[in-house]
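> Coordinates only, no sequence provided:
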DNA sequence: CCCCGCAGGTTATACGTAAAACTCATCAGC
DNA sequence: GCTGATGAGTTTTACGTATAACCTGCGGGG
């Protein structure tokens, strides 16, 4: 740990160990088997440790033509869901000695420049959320291994896809609400044109269509109305829910595509003098920290955000290694809380 | 845009433009004044555009010994505040053609490895939140330009410091509460040993001490009790607030160090049958999205998170350019909302 | 007329690493 | 005693860029 002077290079280590630079390179990357004697290996390792040697990654990247760096493209980190996706992806990356660089969209508007302009390095691969629509066309043309999160499994540009089991999430939600006696159901969507939310709408439709005629207890069949929020935020949810709750007949349950929207819906209900869940039930999606901060706490579908990020990185690593990339569908779980309850007689 | 084959290099551009590689380098970095004729400049630029040339950053970094990359060290991106700090820092970095790599602490526990082990590149500088205590000692020894966020201005290791005006934030909060008639004030701190929260405690003490004896309207002087939450979360706030609200005489106002804690405090109050703000007022810090999602909405001190990140990056850029680094204190603003109200006669 | 200065380039080299090609003993086998 | 293989390294080169040092005409001043 003689920490004086500039960074030591592999040549410095070589000098200290009395060997050539090539030997240092071989030893430190564990490619010495059958080429270097154990004694020499030890002395090289000791010298490296002594000098506090760290390989210069710029030089390594230049030599290898690869950077061991992945680009993660998400709409915005201020969305807790994507912050958690990043957490998971970064953890797995660190375990495999990969770097992660972020390309979040600047606050919903288009990108300042294209992702490869702003990327700090030649990239080895890309993991992108389908919500980051702004960047997708550029990514497809990048010729890089691409893993899509929350996107169609048949996307031809994607080497792999990672999805939460939205269909099951909506099934659980519908079963929960029908079981509570709800028949007039409203769907509050995010009004964002992405596979993510289109998929939720389809999943909800399918779940309702799969309901035995008249619902589990033989009542009238469920009906659905749908409204899109202007933006993915509490305020957006509030405005859209106010519209829904003003319509007649009033829905008794609101299925929201996101916890932010659900929180807004609860606020809207209260402003209209409606109690949650006595007068109207509200369910969300994601299980953000928000869900247990509001009162009543939100019944919501917990999506495994970290696992999605981690699975995305695993898939990318597989592609980079030339292995067959998995295309997992991750399980989700409805978490019943206070915002949903039995349907009051209307 | 002949996009076939491997990435073009500056030598390819040189060939296409009929000049030497050195000339290409000069032209594309705008260092040609007085050394290259305007006509040649144009032909080089045209060739670069035609080939879709992008400089190889690994090679550039190797040559220059600098990477134009900054490390941002924060506790966790899932904390909305730090996600916003990152947003601001990344925006400024992009404007100056700098890269940002993140080093978030893995979920509150110590780092997997030291920051320089995991950093993807030789770094030019570091911006660190004082809450990322786990990494600080390593950072100090890194010998890199260091900008501290939310930290003591006299930190000898820091080349610059960026702080929100906590003292003013607490002054505004105290003035607000005293104006509403509150005298028994409780402080709910985060129980995290960092300058951030120690500073808030000092700022609150100072604000109370500066109060004219007996408060603005001549009533009895304000009193303060203080409790630390076990963790920086809604649940942590709930537990700690339950303790505070169970004590006699019961405080009439809770000043919380963070909106998460404040949201938890509101929940605790309601569980004890207390109304917010009629029976107890609650204020927060940060103005997270959460603050307007809960009901009542939180009175809170809005911290300019993006600006903090941006100012940190500006300071780092200044240091890297050898300029005098600014050490700004950014203004904050109390946002009065529904969680604070007049003190009911006790 | 010669040398200078300058515009407008070019040549050569270094950055630190990885890896292919090469060296040089030693030793087994025939 | 010579061949060939093997172990244990070394030498050399390439990756793509930035920049210092070097050329080469050409017009003007002395």
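Now that the structure is in, tell me what you want to look at. Please read these numbers as outputs of a predicted model, since none were measured by experiment.
> how near is residue A:70 to residue A:266?
Distance, residue A:70 to residue A:266, by CB to CB, to the nearest Å: 38 Å. (Glycine included, C-beta is placed from N, CA and C.)
> the more surrounded of the two?
residue A:266 (30 against 27; other CB atoms under 10 Å in any protein chain shown).
> Is the more buried one in contact with residue A:281, as I believe?
No: using CB atoms under 8 Å as the test, residue A:266 is too far from residue A:281 to be in contact (10.2 Å).
> list residues touching both of these two?
Residues touching both residue A:266 and residue A:281 (CB atoms under 8 Å, 6 or more residues apart in numbering or on different chains) are residue A:339.
> what about the residue nearest to residue A:233 when sequence neighbours are not counted, how many neighbours?
Closest residue to residue A:233 apart from its sequence neighbours, by CB to CB, 6 or more residues apart in numbering or on different chains: residue A:260 at 5.5 Å. When neighbours are defined as other CB under 10 Å, residue A:260 has 30 of them.
> Before we go further, residue A:260 is sitting in a helix, right?
Yes: with DSSP: H, G, I helix; E, B strand; the rest coil as the criterion, residue A:260 is part of a helix.
> ok, it - contacts?
Contacts of residue A:260 by CB under 8 Å, 6+ apart are A:232-234, A:236-237, A:288, A:290, B:289, B:293.
> Quick one: residues contacting the residue nearest the centre of chain A.
In chain A, the centroid-proximal residue (CA atoms, centre = their mean) is residue A:85; its distance is 3.9 Å. Residues counted as contacts of residue A:85 (CB under 8 Å, 6+ apart) are A:72, A:74, A:129, A:149, A:305-306, A:308-309, A:312.
> wait, is residue A:341 part of a strand?
No: assessed with three-state DSSP, residue A:341 is coil; it does not lie in a strand.
> what's the angle between the helix or strand encompassing residue A:93 and helix B:80-95?
Assigning secondary structure by DSSP states H and E places residue A:93 in helix A:80-95. If you take axes from the mean of the first three to the mean of the last three CA atoms, to 10 degrees, helix A:80-95 sits at 70 degrees to helix B:80-95.
> buried sites along helix A:80-95?
Of all the residues in helix A:80-95, those buried under the rule 16 or more other CB atoms under 10 Å in any protein chain shown are A:80-94.
> So residue A:199, which state does it fall into?
Applying three-state DSSP: residue A:199 is helix.
> How about it, nearest residue that isn't a chain neighbour?
Residue A:199's closest residue in space is residue A:166 (CB to CB, 6+ apart), at 5.2 Å.
> Am I right that that neighbour is in contact with residue A:200?
Yes: between residue A:166 and residue A:200 there is a contact at 5.7 Å, judged by CB under 8 Å.
> which parts of chain A sit against DNA strand C?
Contact residues (CB under 7 Å from any atom of the strand) of chain A with DNA strand C: A:6-7, A:9-11, A:21-22, A:25-26, A:28-29, A:31, A:53, A:55-56, A:59-60, A:62-64.
> In helices, which of the residues you listed fall?
A:10-11, A:21-22, A:25-26, A:28, A:59-60, A:62-64 (DSSP state H).
> any idea how far whatever residue of the stretch 151-300 of chain A ends up closest to DNA strand D is from residue A:99?
Residue of the stretch 151-300 of chain A nearest DNA strand D, by CB to the nearest atom of the strand: residue A:159 (24.0 Å). Relative to residue A:99, residue A:159 is positioned 19 Å away (CB to CB).
> Show me which of those two is the more surrounded one.
Taking neighbours as other CB under 10 Å, residue A:159 and residue A:99 compare with residue A:99 leading, 23 against 19.
> what bridges to the more buried one?
Residue A:99 has these beta-bridge partners by DSSP bridges: residue A:69.
> Looking at residue A:142 now. What's its pLDDT?
Note for residue A:142: predicted pLDDT of 72.
> Pretty sure it sits against residue A:128.
No: contact criterion CB under 8 Å: residue A:142 and residue A:128 do not qualify, at 10.3 Å.
> The helix or strand where residue A:204 lies packs against which elements?
Taking DSSP H and E as the criterion, residue A:204 maps to helix A:195-209. Other elements packing on helix A:195-209 under the criterion 3 or more CB pairs under 8 Å, 6 or more residues apart in numbering or on different chains; DSSP states H and E are helix A:166-179, strand A:184-189, strand A:223-228.
> how many neighbours does the residue in the stretch 101-250 of chain A that DNA strand C sits nearest to have?
DNA strand C sits closest to residue A:122 of the stretch 101-250 of chain A, with a gap of 13.9 Å, by CB to the nearest atom of the strand. Neighbourhood size, residue A:122 [other CB under 10 Å]: 19.
> Quick check: closest non-adjacent residue to it.
That would be residue A:67: by CB to CB, 6+ apart, it lies 5.3 Å from residue A:122.
> what do you get for residue A:182?
residue A:253 is the one closest to residue A:182 (CB to CB, 6+ apart), at 4.0 Å.
> I figured that neighbour was touching residue A:187, is that so?
No: with contact defined as CB under 8 Å, residue A:253 does not reach residue A:187; the gap is 9.8 Å.
> between residue A:142 and residue A:128, who's got more neighbours?
residue A:128 (26 against 18).
> Bridged to that one, which residues?
residue A:73, residue A:148.
> Would you agree it is in contact with residue A:144?
No: Residue A:128 lies out of contact with residue A:144 (CB under 8 Å); the separation is 10.3 Å.
> Any idea how far stretch A:150-167 is from the middle of the chain?
12 Å (CA atoms, centre = their mean, to the nearest Å).
> Going by neighbour count, which residues in that stretch are buried?
Buried-residue list, stretch A:150-167, by 16+ other CB under 10 Å: A:150-151, A:155, A:158-167.
> which pair in these spans the largest distance?
Using CB to CB, these span at most 23.2 Å, a distance reached by A:159 and A:167.
> what angle do the host helix or strand of residue A:312 and helix A:80-95 make?
Element membership of residue A:312, judged by DSSP H and E, is helix A:305-320. If you take the same axes, to 10 degrees, helix A:305-320 sits at 40 degrees to helix A:80-95.
> tell me the average confidence for helix A:305-320?
96.
> show me the contacts for residue A:32.
Residue A:32 touches A:23, A:26, A:41, counting by CB under 8 Å, 6+ apart.
> Please parse chain A into its domains.
Using automatic domain parsing, the domain parsing of chain A gives A:10-55, A:66-163+A:306-330, A:166-304.
> From the chain's centroid, how far away is the last one?
Just to be clear, that refers to domain A:166-304. With CA atoms, centre = their mean, you get 21 Å for domain A:166-304.
> Compute the first-to-last residue distance for it.
One end of domain A:166-304 to the other measures 11 Å (CA to CA, to the nearest Å).
> what does the shortest one give?
Distance between the boundary residues of domain A:10-55 (CA to CA) amounts to 7 Å.
> hmm, that domain in reach of DNA strand D?
Yes: against DNA strand D, domain A:10-55 shows contacts by CB under 7 Å from any atom of the strand at A:18-23, A:26, A:34-37, A:39-40.
> between those residues, which is nearest DNA strand C?
Closest to DNA strand C, out of all of the residues of domain A:10-55 next to DNA strand D and judged by CB to the nearest atom of the strand, is residue A:22, at 3.4 Å.
> which parts of chain A sit against DNA strand D?
Counting by CB under 7 Å from any atom of the strand, chain A sits next to DNA strand D at A:18-23, A:26, A:34-37, A:39-40, A:59, A:62-63, A:65.
> Tell me the secondary structure at the residue in the stretch 101-250 of chain A positioned nearest to DNA strand D.
In the stretch 101-250 of chain A, the residue that lies nearest DNA strand D is residue A:122 (9.1 Å; CB to the nearest atom of the strand). With three-state DSSP as the basis, residue A:122 sits in coil.
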